[in-house]
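>>> Would you be able to build a 3D model of this:
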Amino acid sequence: MVDIIIVLIVIVLLGFALKGSIKHFKGESPCCGGGGGEIVLDIPDKKLENPILGKKVLKISGMHCEHCVKAVTEAINKIDGAAAKVNLSENEAVVSYDRELDDEQLRKIVKDAGYRVVSIK
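Numbers count the residues shown, from 1 in each chain. Next comes the predicted model:
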């Protein structure tokens, strides 16, 4: 009888964990230290000092919410001569640059922020 009660408790706990995980990966729950509900973060646009030479599109995996977008944007914007616009629904960052950028530097800075660059075009 005690075994059945323990199994039922474990099943209930797993149900709550699964529900929370699904909401997390849909971006509907707290993620990356944020709160629940609709999240609107003010991420200021970075202005480049020189004329834009080009743009690179980075496909990024691991982003789930606006806090992830902010983390990736801030990481890329720390690079001199680079300015990022990150789109959560497309899982990508469009990086404008006013000097040559090394793809490996972009990969490393995104990785250090906790995400992975899948491709760069």
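
>>> what ranges of this protein fall below the confidence cut-off?
For the chain, the stretches flagged by pLDDT under 70 are 23-41.

>>> Buried residues of the longest helix along it, list them for me.
Ranked by residue count and defined by DSSP state H, the top helix of the chain is helix 2-25. Using 16 or more other CB atoms under 10 Å as the test for burial, helix 2-25 gives no buried residues. Placement of C-beta: from N, CA and C, glycine included.

>>> same question, stretch 64-71
By 16+ other CB under 10 Å, the buried positions in stretch 64-71 come out as 64, 65, 66, 67, 68, 69, 70, 71.

>>> Farthest pair within those?
Spatial extent of the buried residues of stretch 64-71 (CB to CB) is set by the pair 64 and 70 at 12.1 Å.

>>> quick one: the strands in the protein?
With DSSP state E as the criterion, the chain has strands at 54-61, 82-87, 92-97, 116-120.

>>> okay, those in a markdown table with mean neighbour count next?
Below are the strands of the chain laid out as a markdown table (neighbours: other CB atoms under 10 Å):
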| stretch | mean neighbour count |
| --- | --- |
| strand 54-61 | 15 |
| strand 82-87 | 20 |
| strand 92-97 | 20 |
| strand 116-120 | 14 |
